[in-house]
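*Asks:* Model the following, please.
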Amino acid sequence: MAATMKDIARRTGLGLATISSYFNGGNVREKNRIKIEEAIEELHYEVNEVARGLKTNATKTIGVVIPELNNTFCAEIITGMEDILRSHGYATIVCDCRTDRELEREAVDFLVRRRVDGIINMPVDEEGNHLKKFQKTGKPIVLIDRKIQGISCDSVLVDNKRAAEDAVQCFIQKGHRNIGIIGGPEGIFTAQERLAGYCKALNEVGIPVRESLIFHGDYTIQGGVRGLEELVQRNPDMTAVLVTNYEMTMGAMIGINELGIRIPEQLSLIGFDNLQFARACSPKLTIVSQPTDEIAKEVARIMLEHLENGAKEPAEFFTEKFQTEIIEGKSVGIIK
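*Replies:* Numbers count the residues shown, from 1 in each chain. Prediction:
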């Protein structure tokens with residue numbers, strides 16, 4: 001028969017109130033904590049987190065809803081967050097919604113039923129309809145790489161507009177004027193910001209923005225292949241292209257290889273993320289690097305702060321923006 005809290009009380013000589021306080025994270029004297037932990041080990045006691053959650057309204061679990069689990073940016077952030085949350089006694093339930101709004105809504109509904117203590121989300125639905133039910137619980141929501149009007153929560157993102165602007169300026173400084181972009185889905189905040197940065201950099205030096213040089217991708221490898229092929233076909237005069245996420249950067253490189261295009265002699269390219277992939281390419285790619293470690297730490301810190309200090313007032317929510325860095329390779333040539 002499995003051990004119970006009463007068994008621990010009998011073994012330690014402590015009251016049930018003290019034992020309960022220990023399991024619920026309350027203040028317990030050091031000597032009593034040692035007694036309890038020794039009894040737990042000796043009795044092979046296992047905490048029933050579900051039952052405890054029903055009593056305390058806390059399950060020590062955090063729900064994470066992301067658009068693509070195989071997306072490098074998502075995967076690196078999840079790994080970093082999980083390590084920190086686990087060290088504070090929290091487990092994570094990760095849901096991959098495959099960039100589908102309905103699957104995203106179903107994932108959040110599932111997490112509500114699982115009574116998670118908070119949700120970390122990189123939203124697909126830019127209106128946040130999937131989060132409104134969870135928001136009514138008063139439990140914390142932290143958004144990654146997105147902002148949603150009407151949802152009271154903190155957001156952690158990079159300065160996507162500046163990231164694209166810096167990359168395009170890198171091309172312009174080396175003489176390029178016919179610069180293409182393989183962007184993300186039109187309805188995604190990140191994609192909108194990166195496209196805005198691209199346009200801003202061109203406008204500042206008087207280069208017209210040509211619709212034919214803009215491809216709206218889907219943040220997948222195949223989307224990168226299609227984007228590169230279409231831009232090349234539509235724009236024989238294109239000399240440079242910015243690819244705005246890692247998977248599409250891989251796809252663009254596949255397209256370049258299949259078309260027999262030489263980098264940077266015939267086409268210059270700047271990609272996003274994954275320094276190891278950039279180093280594996282020949283020539284080494286110039287990339288926009290996002291600080292995934294710092295983003296993961298900040299998201300976890302904010303969530304833990306909510307859980308330990310209680311709910312915030314709407315005026316106390318904030319947006320944390322991190323800056324990106326351009327890691328130079330040899331994929332950007334000079335136009336003379």
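*Asks:* Which of the three states applies to residue 321?
*Replies:* Recorded secondary structure, residue 321: strand (DSSP: H, G, I helix; E, B strand; the rest coil).
*Asks:* To clarify, my last question referred to residue 301.
*Replies:* Judged by three-state DSSP, the three-state class of residue 301 is helix.
*Asks:* how about stretch 60-80 as CSV, C-alpha atoms only?
*Replies:* The C-alpha coordinates for stretch 60-80 follow below in CSV (Å, rounded to 0.1, in the frame of the first residue of the first chain):
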residue,chain,number,x,y,z
LYS,A,60,3.1,23.0,-10.7
THR,A,61,2.7,22.7,-14.4
ILE,A,62,3.1,25.4,-17.2
GLY,A,63,1.5,25.0,-20.6
VAL,A,64,3.6,26.0,-23.6
VAL,A,65,1.9,26.5,-27.0
ILE,A,66,4.1,27.0,-30.0
PRO,A,67,3.5,27.1,-33.8
GLU,A,68,6.1,24.6,-34.9
LEU,A,69,8.1,22.2,-32.6
ASN,A,70,10.6,21.6,-35.3
ASN,A,71,11.3,25.3,-35.6
THR,A,72,14.8,25.9,-34.3
PHE,A,73,13.9,29.3,-32.7
CYS,A,74,11.0,27.6,-30.8
ALA,A,75,13.0,24.5,-29.8
GLU,A,76,16.0,26.5,-28.4
ILE,A,77,13.7,28.7,-26.3
ILE,A,78,11.6,25.8,-25.0
THR,A,79,14.8,23.9,-23.9
GLY,A,80,16.1,27.0,-22.0
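*Asks:* What is the subsequent helix or strand relative to the lowest-mean-pLDDT helix or strand in the chain?
*Replies:* For the chain, scoring each helix and strand by mean pLDDT, DSSP states H and E identifies helix 49-56 as the least confident one, at a mean of 54. Proceeding N to C from helix 49-56, the next assigned helix or strand is strand 61-66, under DSSP states H and E.
*Asks:* Given that next one, what are its sheet partners and their directions?
*Replies:* Strand 61-66 has the following sheet partners, assigned by DSSP bridges: strand 91-96 (parallel), strand 118-121 (parallel).
*Asks:* List the buried residues of it.
*Replies:* 61-66 (16 or more other Cβ atoms under 10 Å). C-betas here are computed from N, CA, C, even on glycine.
*Asks:* do stretch 294-310 as well
*Replies:* Buried-residue list, stretch 294-310, by 16+ other Cβ under 10 Å: 294-300, 302-304, 306-307.
*Asks:* Since that was my last question, I'll sign off now.
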